[in-house]
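Peer 1: For reference, the sequence and a predicted model appear below.
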Amino acid sequence: MKRKTDFFVNLLCIVVCVALVATTAFTADFFSTVILGVGRNIKILQDELNGGNISVNSSGITQNKENGFSPLGFGGGGYKSENITDTPSDIQALMKSYESLYEGFEKTGNINEQKMGATSKTQVYSFVKIDNKAEIDIDIKALIDTKPTYNEITKEKPYILVYHTHTTEGYEILDKGWYSNSYNSRTEDSSRNMVRVGEELVKQLEKAGFNVIHDKNVYDRSYTGAYSRSLESVKKYLQENPSIMITLDVHRDAIHYSDGTKCKPTAEINGKKAAQVMIITGCEGGGVEEFPRWYENLAFSVNLQNTVEESYNGLMRPIFFCNRKYNMNVTPCSVLLEFGTDANTLEEAVYSASLIGESLGKMLNKELGE
């Protein structure tokens, strides 16, 4: 009975696909890809076509933007794309849905796109740049040569925690060169806020083989006390999963000038705009206490920046080294990451998260000899 069912499913699939090719402007690439899909469930194919959720590129068909899988067998997992520079289909759909909305917005101010690098006060060595706001002398070369305190790197148990103290921070959706106060980027919608950026980071780390916990809780319905609330959760995760050694608090920055202009730190990586990323790492001093292993955190930050910049030069803003704690004292490999600003687009921030996730996975796998 199953063989008969499969036969008719395959037959219907061929008939439907041939009809589509005959009546639409699909490319030869699409047709060849569809033929490869014979044998899949006909209902899935029909639903995807009718819903407009299949996108076509030079490689064929990408995944369903809602369900996170490819109906014709090209990979799996949420927001799958053919390569790291592809814009995820959910972001494409979001951008399209906002086109008419932006047309109704009145311009409030300009967005200044710039590549942020070293200044006269920035310490530079090799690929590493540090804005040292703490009154502590640091030797970047020595930090690069210092092996981060990874303890036992594992892929069997959770090793990395991604969370968001300021969960509701968000981005522009379209790259217009201006902003409107009619649009509020801050949102609890996880498809548009820091959770979406974290998802892309997690995806690349999991692709590298690592077991990652992604905490999607909202901690900043009130800014006051947000770090205390996220710290409670982080401590609970660490207690329940003592194998976790790396914690990444994923944020975005905001840089506003006195004339109302917003700054958009941007780099071009592989021909595509990416939101520049800033690592914040802290130390004791200036009233900050109970952070005895801050040097180990700094060593981890420097090695991460060096690894990223070796592959994607210009993606990183200088490390911001300061007398702050920001929950980074929980492990010696805990940092705060700022993905662009509120003037960057979600697409740019998500792309940067892919690059950072790939680079961190590469750094850890190198330590494992893989």
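Peer 2: Good, I have the coordinates.

Peer 1: where along the stretch 151-300 of the chain do the helices fall?
Peer 2: Here the stretch 151-300 of the chain has its helices, by DSSP state H, counting those that start in this stretch, at 194-207, 226-240, 294-311.

Peer 1: got the domain boundaries for this structure?
Peer 2: According to automatic domain parsing, the chain comprises the domains 2-82, 109-367.

Peer 1: Take those domains and write them to CSV, including mean neighbour count and mean pLDDT.
Peer 2: No exception for glycine: its C-beta is placed from N, CA and C like everyone else's. Output for the domains of the chain, formatted as CSV (neighbours: other C-beta atoms under 10 Å; pLDDT from 0 to 100):
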stretch, mean neighbour count, mean pLDDT
domain 2-82, 15, 40
domain 109-367, 19, 97
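
Peer 1: Could you say which one of the ones you listed comes nearest to Y102?
Peer 2: Nearest of the domains of the chain to Y102, taken as C-beta to C-beta: domain 109-367 at 5.3 Å.

Peer 1: where does the residue nearest to E200 when sequence neighbours are not counted land in three-state SS?
Peer 2: Spatial nearest neighbour of E200, excluding adjacent residues (C-beta to C-beta, 6 or more residues apart in numbering): A353 at 4.0 Å. Three-state assignment for A353 (DSSP: H, G, I helix; E, B strand; the rest coil): helix.

Peer 1: Quick one: residues contacting A353.
Peer 2: 197-198, 200-201, 204, 250, 339 (C-beta atoms under 8 Å, 6 or more residues apart in numbering).

Peer 1: how does it look with 6 Å?
Peer 2: 197, 200-201 (C-beta atoms under 6 Å, 6 or more residues apart in numbering).

Peer 1: does the closest residue to G314 other than its chain neighbours have beta-bridge partners, and which?
Peer 2: Closest residue to G314 apart from its sequence neighbours, by C-beta to C-beta, 6+ apart: A267 at 4.2 Å. Under DSSP bridges, the beta-bridge partners of A267 are A274.

Peer 1: you'd agree A267 is up against Q276?
Peer 2: Yes - taking C-beta atoms under 6 Å as the contact criterion, A267 and Q276 are neighbours in contact, 5.3 Å apart.

Peer 1: To K216, which of the helices of the stretch 151-300 of the chain lies closest?
Peer 2: Of all the helices of the stretch 151-300 of the chain, it is helix 194-207 that lies closest to K216, at 4.9 Å by C-beta to C-beta.

Peer 1: For that closest one, name the packing helices and strands.
Peer 2: If you count contacts as 3 or more C-beta pairs under 6 Å, 6 or more residues apart in numbering; DSSP states H and E, helix 194-207 packs onto strand 158-163, strand 211-214, strand 246-253, helix 346-367.
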